[in-house]
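Undergrad: Following is a predicted model, sequence given first.
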Amino acid sequence: MFQSRCLVVLFCLAIPAVAVGQDKFFDSDGVKIHYVEQGMGEPVVLLHGRGNTVDLWNTTGLLQELSAGYHVVAFDARGHGKSDKPHNPKQYGRQMALDVVRLMDHLQIGRAHVIGYSMGAFTVAQLLTLQPDRFITATQFAGAGRFQWTPQDDRDAEQEALERERDCVSRTAIFAGLQLNEPRPKDEDIKARSTECFADGTQDRFAMAALARSRRDQVITSAQVAAVRVPTLGLVGSLDPLAAGMSELKKLRPDMQLLIVEGATHDPRRPGDQRGILGQAQARDALGKFLASHSAHLDK
């Protein structure tokens, strides 16, 4: 699916092979960030969703597929996985977008295909308005960006933060993330999630609370969004509550390619559920064609 974009054999051989799955770290303005690299070719940077780690790209198979033709870099967002987990909200927000730039600078990558899922897609949306010159393309899986903010958003963010500090999980976030027509989980289900979260050594409930409180700092204006000219692909499931936001993004950016996959959800609801957008063959095929058709080599 993801074919090599090397124009000639000599060009491919000139790009050094990257060790598979090797844990690496760099300092991003005082915060240690964990990342991995795989493959060779044009650079692709992967940004996972809230509560995920770089393992997301392994379990979905996207890291392996993309690295067949690209130099793929995936990292744990601050507050996640093996990266540092600050408890100060000021260390999240737009700092998460700047982490992408700092990592690219660390690896001496001028421009890249940047792919974000869920929280990662919101980060991509902000970065598009901050430093569009660092993109070859942008792909937003199930996340349009924050181009509006209300007093209710402030209240919801604080409520989520308080719930995470107390229970490790947030009832507010769980209900907001329900797929269309999905029944609300029972109290015992939420308690089970809380117990699982407390037992997970990679989860830091105070970091997740700080992340919730930082959302206002990710807000971008509709005018900023409309001014973006980077080739962008949007992918979302029809059952995802964030599909409406993706449609609104399309109105602001008519040039963006948007694929709504019928019957697909935001993420798998349970083990064995194959409906999550990242696992949809239609979405992955669209991604492969999009990246290939916007190779940086075609600019030359």
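TA: Cool, the structure landed. Residues are numbered from 1 along each chain as shown.

Undergrad: which residues in this structure form strands?
TA: Taking DSSP state E as the test, the strands found in the chain are 24-28, 31-38, 42-47, 70-75, 112-117, 135-141, 232-237, 257-261.

Undergrad: Quick one, which of the ones you listed gets closest to Gln179.
TA: Nearest of the strands of the chain to Gln179, taken as C-beta to C-beta: strand 232-237 at 8.0 Å. To be clear about C-beta, it is placed using only N, CA and C from the backbone, and glycine gets the same treatment.

Undergrad: and the closest one, what does it pack onto?
TA: Under the contact definition 3 or more C-beta pairs under 8 Å, 6 or more residues apart in numbering; DSSP states H and E, strand 232-237 sits against strand 135-141, helix 243-252, strand 257-261, helix 281-293.

Undergrad: now these in JSON lines, with distance to Asp204, mean neighbour count and mean pLDDT?
TA: Shown next, in JSON lines, are those (distance: least, C-beta to C-beta, whole Å; neighbours: other C-beta atoms under 10 Å; pLDDT from 0 to 100):
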{"stretch": "strand 135-141", "distance to Asp204": "24", "mean neighbour count": "25", "mean pLDDT": "98"}
{"stretch": "helix 243-252", "distance to Asp204": "27", "mean neighbour count": "18", "mean pLDDT": "97"}
{"stretch": "strand 257-261", "distance to Asp204": "33", "mean neighbour count": "18", "mean pLDDT": "98"}
{"stretch": "helix 281-293", "distance to Asp204": "31", "mean neighbour count": "17", "mean pLDDT": "97"}
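
Undergrad: Which among these is found nearest to Arg205?
TA: Of all those, strand 135-141 comes closest under C-beta to C-beta, at 25.6 Å.

Undergrad: can you count the residues close to Lys32?
TA: 14 (other C-beta atoms under 10 Å).

Undergrad: same deal with Val72?
TA: 29.

Undergrad: Adjust the sequence numbering to begin at 23 for everything that follows.
TA: Sounds good: first residue 23 from here, last item Val94.

Undergrad: Quick one: low-confidence residue ranges for the stretch 23-172 of the chain.
TA: 23-43 (pLDDT under 70).

Undergrad: what ranges do the helices span in it?
TA: 31-36, 77-81, 84-88, 117-128, 141-152 (DSSP state H, counting those that start in this stretch).

Undergrad: Most tightly packed of the ones you listed?
TA: Most buried of the helices of the stretch 23-172 of the chain, by mean neighbour count (mean count of other C-beta atoms under 10 Å): helix 141-152, with a mean of 25.

Undergrad: relative to strand 157-163, how tilted is that one?
TA: 140 degrees (axes from the mean of the first three to the mean of the last three C-alpha atoms, to 10 degrees).

Undergrad: Can you show me the CA trace of helix 141-152 as CSV?
TA: Taking C-alpha atoms only, helix 141-152 is exported to CSV below (Å, rounded to 0.1, in the frame of the first residue of the first chain):
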residue,chain,number,x,y,z
MET,A,141,-5.5,14.5,20.3
GLY,A,142,-2.6,14.3,17.9
ALA,A,143,-4.9,15.6,15.1
PHE,A,144,-5.8,18.6,17.3
THR,A,145,-2.0,19.2,17.7
VAL,A,146,-1.5,19.0,14.0
ALA,A,147,-4.3,21.6,13.5
GLN,A,148,-2.6,24.1,15.7
LEU,A,149,0.9,23.4,14.3
LEU,A,150,-0.5,24.1,10.8
THR,A,151,-1.2,27.7,12.0
LEU,A,152,2.0,28.1,13.8
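
Undergrad: Nothing else from me, thank you.
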